[in-house]
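Chemist: pasting the structure only:
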């Protein structure tokens, strides 16, 4: 009888240059940076930039990205209405999943 594995244990699902997981020693590295250092010293927007460009941004690059993100974060009244109808006690991950899927439905530039 073969051994059953749980989840993706022991399964390589993709190769990436973005991160390195060393679970046996409790290390996670994004684009050459330790996750603990990033969590302590970098803001959300810096992490976005790092994952997109494989380097941390200069102050000018960070300002530009922040302006772009802010300019594109508004929700339409229809999107807000859907989010307001979610159950108050919904699990946060279920609400996030629903919100992301819904945003794709309202995005005229999204793929079909």
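Modeler: Nice, I can see it. What you see is a predicted model; the values in this text were computed from it and never measured.

Chemist: drop to CA atoms for contacts and neighbour counts, all remaining ones
Modeler: Noted.

Chemist: is residue 19 in a bridge, and if so with what?
Modeler: With DSSP bridges as the criterion, residue 19 is bridged to residue 30.

Chemist: so it touches residue 34, yeah?
Modeler: No - applying CA atoms under 8 Å, one finds residue 19 not in contact with residue 34, separated by 9.6 Å.

Chemist: center of the chain, which residue is that?
Modeler: Residue closest to the mean C-alpha point of the chain, counted by CA atoms, centre = their mean, is residue 48 at 7.9 Å.

Chemist: show me where the protein has strands.
Modeler: For the chain, the strands defined by DSSP state E cover 19-22, 27-30, 33-34.

Chemist: lowest-confidence stretch among those?
Modeler: Here the lowest mean pLDDT among those goes to strand 19-22, at a mean of 78.

Chemist: helices or strands next to that one in the packing?
Modeler: strand 27-30 (3 or more CA pairs under 8 Å, 6 or more residues apart in numbering; DSSP states H and E).
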